[in-house]
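Asker: Turn this into a structure:
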Amino acid sequence: MTELKERTVRGLAWSAVGRFGTQALRFSLSVVLARLLAPADFGLVGMVLVFTGLATVVAELGLGASLVHRWSAAEDIDGGELAEPGPPGDDAARSFSPERALGTVLVFTAAIGVSLAGVFFVAAPFLARLYDEPRVTALARALGAVFLLAPLGVVPRAVLTRRLAFAALARAEIAASLVAGAAGVGAALAGLGVWSLVALTLVNAALDAVLPWVAARTRPRPCWDAAQLRALLAHGAHLAGWNLLTYASRTADNLIIGARFGSAPLGIYGRAYSLMFIPVHQITGVAGRVMFPVLSSIQDDRPRIARIWLRSVGAIGLAIFPMVAGLAVVADDLVPVLFGERWAAVAPVLRILCGVGAIHALLNPTVWLYHATGRTGLLFLWGVVSSIALVGAFVIGASLGSIESVATLYLAASAALAVPGLLLPARLVDIRAGAIIRRLAPSAARAAVMAALVFALRSALPETLGQLGRLLITIPTGVAAYVGPALLLQDAVVRDVLDTIRSGRPRAP
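Answerer: Purely as a prediction, here's the structure:
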């Protein structure tokens, strides 16, 4: 096994530990807090988080990813030491100084964070007027601290990502989620209501900023090098624009619902959205965190990038399709069991958004191709087109009068964007539509059969079993109906995954 493959497999394993461990904690926390707090409490915080979520996107401006990309082209890192500029013969490598680049990014992102925090503090009353909700002012000013904290983690996370040090990142993320969760539940039990969600958010943001520094053991001196910053922004500006457009388009539904329908419907919609995106974020997040630095390290080998990407997307489909299909089928039983009857309105929205989740799970990995081929400008243009389509869908959906109509139009717009969203970046590395279909079709077909079987079984079960009783029957049946044929037939994607599990390494690209 080559060193790159060994580091990739280790990175995937530790990235999975971090992602799944963190999500398990957060999901358990959400179940507890949903029992302690009302949907309107979540909706109130959601009104503010639409804007504070911009902290990471705007404050970073794509500089973290740009650091990793330029570093991969210039030199290697060993341990905590920062290497000198890269080998001769490469202009980009010769001009890149890790020490000065990291110091400059540290100063620049901190300055952006301070500026945004100030603007947000002043703008808080205007947000309250937008939502016609006076309590938003105090919540916004408190949560504005996220703008100060988020930029502090950019540099150490870039260093750890470049090293493929995902074990350290995993430990930091799990620790942050554990401590923040304890703070949030403690505040809720103390009767602080919506402010318990504020406490959770701020503690998590603070630890997310501090713990990566502890893990990275790198202390770049703050400095200012305009040349380094311009070079990083040249790559990162389009990426930052895309991140901003993507964030804005994917949170515009929360903004529109909060302004149009109020905090309680937003709480319901937000719960459905977060539950749907649990499998999507975890599977694609695990792969994406590792694949970006890995593909950047082989950015000149397009055929190899294509082979690795196709295998990765096939594995994502293998995991995602049954998750979202199963979640849609058992939603009516699962939601009340997890969160209580007052959250029952989540189920119909969740069923619709599961289709959105499946589409986004396939589109998210296309970003790796834009990164690896250096075509972030094209990525930005695609972001403009897709954002216009999604925001238009949200506006039309809200005008129809319900959160279900917003979710339905979200699904329709996502489906319309799916084919061009996949094929445009795939052509950058000469991947054809047929190759993508061959990797995804078997898993999609098995998931559809499984969902139909579980739906028929649930319909036949007596109501006297209760919601929990039905789940104890339908979920194991669905798992068996999907996993059994997959292991029996073993298409190419299943064989790839099994080979990785058995040998601890991927099949040779």
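
Asker: quick one: low-confidence parts of the stretch 251-400 of the chain?
Answerer: 286-290, 292-293, 296-297, 299 (pLDDT under 70).

Asker: where does the chain have its least confident helix or strand?
Answerer: One helix or strand of the chain scores below all others by mean pLDDT, DSSP states H and E: helix 91-95, with a mean of 50.

Asker: Touching, residue 52 and residue 120? I think so.
Answerer: Yes: using Cβ atoms under 8 Å, residue 52 is in contact with residue 120, at 7.4 Å. For the C-beta atoms, the positions are set from N, CA and C on the backbone; glycine is no exception.

Asker: shared neighbours of those two, anything?
Answerer: 140, 144, 147 (Cβ atoms under 8 Å, 6 or more residues apart in numbering).

Asker: got a winner among these for most neighbours?
Answerer: Using other Cβ atoms under 10 Å as the neighbour definition, these reach their maximum at residue 147, which records 26 neighbours.

Asker: pLDDT value on that one, please?
Answerer: The predicted structure scores residue 147 at 89 on the pLDDT scale.

Asker: The strand or helix carrying it packs against which elements?
Answerer: Assigned by DSSP states H and E, residue 147 belongs to helix 146-149. In this structure, helix 146-149 makes packing contacts with helix 54-60, helix 98-131, helix 194-216, judged by 3 or more Cβ pairs under 8 Å, 6 or more residues apart in numbering; DSSP states H and E.

Asker: Could you point out which of the ones you listed sits nearest residue 255?
Answerer: Taking Cβ to Cβ as the criterion, helix 98-131 is the member of the helices and strands packed on helix 146-149 that comes nearest to residue 255, at 8.3 Å.

Asker: List the buried residues of the closest one.
Answerer: Residues of helix 98-131 classed as buried under the neighbour-count rule (16 or more other Cβ atoms under 10 Å) are 98-110, 112-113, 116-117, 120, 123-124, 127-128, 131.

Asker: Report the inter-axis angle for it versus helix 194-216.
Answerer: 170 degrees (axes from the mean of the first three to the mean of the last three Cα atoms, to 10 degrees).

Asker: so what does whichever helix or strand comes after helix 98-131 touch, helix or strand wise?
Answerer: The C-terminal neighbour of helix 98-131 among helices and strands, as given by DSSP H and E, is helix 136-143. Where contact means 3+ Cβ pairs under 8 Å, 6+ apart, helix 136-143 is packed against helix 39-52, helix 98-131, helix 194-216.

Asker: For helix 136-143, list every residue counted as buried.
Answerer: Along helix 136-143, the positions that meet the burial threshold by neighbour count (16+ other Cβ under 10 Å) are 136, 137, 139, 140, 141, 142, 143.

Asker: correct me, but the first one touches residue 126?
Answerer: Spelled out, it's residue 136. No: using Cβ under 8 Å as the test, residue 136 is too far from residue 126 to be in contact (9.7 Å).

Asker: so who does residue 481 touch?
Answerer: Contacts of residue 481 were listed using Cβ under 8 Å, 6+ apart, and they are 449, 450, 453, 454.

Asker: what's the closest non-adjacent residue to the first one?
Answerer: Nearest residue to residue 449, sequence neighbours excluded (Cβ to Cβ, 6 or more residues apart in numbering): residue 481, at 6.9 Å.

Asker: ok, now how distant is the one you found from residue 447?
Answerer: Using Cβ to Cβ, to the nearest Å, one obtains 10 Å as the distance from residue 481 to residue 447.

Asker: Next: residue 144.
Answerer: Counting by Cβ to Cβ, the separation of residue 144 from residue 447 is 42 Å.
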